[in-house]
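1. sequence first, predicted coordinates after that:
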Amino acid sequence: MRIIFIGPPGAGKGTQSLRLVEYLGIPHLSTGDMLRQAVVERTPTGVLAGPYMDAGQLVPDDIILKLMDERMRKGDCGRGALFDGFPRNLHQAAALDRMLEKMFGQALDAALEMNVDDAEIIRRLSGRQRTDDRPAVIAERLKSYWHETRPLLEYYRQRGVLRVIDGIGTQDQVFDRIKAALGRQQPV
Ligand code: AMP
């Protein structure tokens, strides 16, 4: 299965992604994790991306698409993949469709929206320890979510693959909702 997770920062995408990849036995492709590793390793990508991340802004598409293209060529995505934090805008979404078609002749199976309201997001993010979780940066990241990422919901709704998940509740409750939303499809 090829699945993407959409939701504001702090919606619980990361936690639920880890459970879902284990359940489905597919690789977890998180652009945020890849970028944070590149920053730590001071690779050219990390050096370019770091300032955008610190400011809570989206890293330019050419950097992201190159990173994702390289990752998808590793040969472990044939049976599916979970995309976490990617795509973040319509340009990336169109690029992902093209990559999936070209590399695997396949389309996306599901776009899961983690639905959590802003007040809860701010409460959750305030308790985290990441350098990009300072209040001003949180506001910027929420802004980029609302302006650039939310249009993806309509994009995927029109393609019939959007599934809205209520992100409020225990981790087990949310995970059960995700499995239900994916329907009767068995782990691949
Ligand atoms: P995340 O862990 O997904 O919240 O990502 C952390 C930061 O990495 C974001 O605030 C962006 O600066 C950057 N980032 C991650 N994924 C993307 C993406 N697909 N497009 C642009 N920037 C991204």
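-> Looks like it came in fine.
2. rest of the way, CA atoms for contacts and neighbours
-> Will do.
3. what parts of the chain come near the ligand?
-> Residues of the chain lying close to the ligand by CA under 6 Å from any ligand atom are 9, 31-32, 52-53, 56-59, 64, 85-88, 141.
4. again, only this time at 8 Å
-> Selection of the chain residues close to the ligand by CA under 8 Å from any ligand atom yields 9-10, 14, 30-33, 35-36, 49-50, 52-61, 64, 84-89, 92, 132, 141.
5. which of these count as buried?
-> 9-10, 14, 30-31, 35, 49-50, 53, 55-59, 64, 84-89, 92, 132, 141 (16 or more other CA atoms under 10 Å).
6. now, which of the residues you listed lie within helices?
-> Those of those mapping onto helices are Gly14, Thr31, Leu35, Ala49, Gly50, Met53, Ala55, Ile64, Gln92, Arg141, per DSSP state H.
7. now, among these, which is nearest to Tyr156?
-> For those, the residue nearest Tyr156 by CA to CA is Gln92; the value is 12.8 Å.
8. list the contacts for the closest one?
-> Contact partners of Gln92, counting by CA atoms under 8 Å, 6 or more residues apart in numbering, are Asp61, Leu65, Phe86.
9. and Leu162, by the same measure?
-> Contacts of Leu162 by CA under 8 Å, 6+ apart are Ala110, Ala111, Leu112, Glu113, Leu153, Tyr156.
10. against the ligand, how distant is it?
-> To the ligand, Leu162 is 18 Å away according to CA to the nearest ligand atom, to the nearest Å.
11. okay, now Thr131: neighbour count?
-> Using other CA atoms under 10 Å, the number of residues around Thr131 comes to 9.
12. wait, what's in contact with it?
-> Counting by CA under 8 Å, 6+ apart, Thr131 has contacts Asp54.
13. which one is Val164 nearest to, not counting chain neighbours?
-> By the measure of CA to CA, 6 or more residues apart in numbering, the closest residue to Val164 outside its immediate chain neighbours is Glu113, 4.8 Å from it.
14. count the residues that sit near that neighbour.
-> Neighbour number of Glu113 under other CA under 10 Å is 23.
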